[in-house]
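Peer 1: Provided below are the primary sequence and the corresponding predicted coordinates.
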Amino acid sequence: MTGVQTCALPICVEEKIRNIMSEILGVDENEITEESAIGDIPRWDSLNHLRIIAEVEKSFSIQFTPDILMDIEDFGDLVHAVQERV
């Protein structure tokens, strides 16, 4: 992340991921909750899931292993996976 960080790391991670998902899925950030999962949001299909993962990896300069990717099923899983790597 660039610039001055004005929030605690876990909150910044959540906000950034929520923003990425909001842009890709075309929904308001408030519609994405900790429990939001693939299929809960109409545009969150397998293709957009891959787009979300790719953008998160790029934004945080990380790369998930295939095992981790298989375990990411909802917003909370994604946040947790990123927090373990930043």
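Peer 2: Received it, and whenever you're ready, just let me know what you need.
Peer 1: the residue nearest the centre of the chain sits in which helix or strand?
Peer 2: In the chain, the centroid-proximal residue (CA atoms, centre = their mean) is I17; its distance is 3.7 Å. Applying DSSP states H and E as the criterion places I17 in helix 9-25.
Peer 1: that helix packs against which elements?
Peer 2: Secondary-structure packing of helix 9-25 (3 or more CB pairs under 8 Å, 6 or more residues apart in numbering; DSSP states H and E): helix 46-60, helix 75-83. From N, CA and C alone the C-beta is placed, and that goes for glycine too.
Peer 1: quick check: which of the ones you listed is buried the most?
Peer 2: Comparing the helices and strands packed on helix 9-25 by mean neighbour count (mean count of other CB atoms under 10 Å), helix 75-83 comes out on top with a mean of 19.
Peer 1: list of residues touching it?
Peer 2: Contact partners of helix 75-83, identified using CB atoms under 8 Å, 6 or more residues apart in numbering, comprise 9-10, 13-14, 17-18, 21, 32-37, 52-53, 56, 60, 62, 64, 68, 71-72.
Peer 1: if anything else comes up later, I'll come back, but that's it for now.
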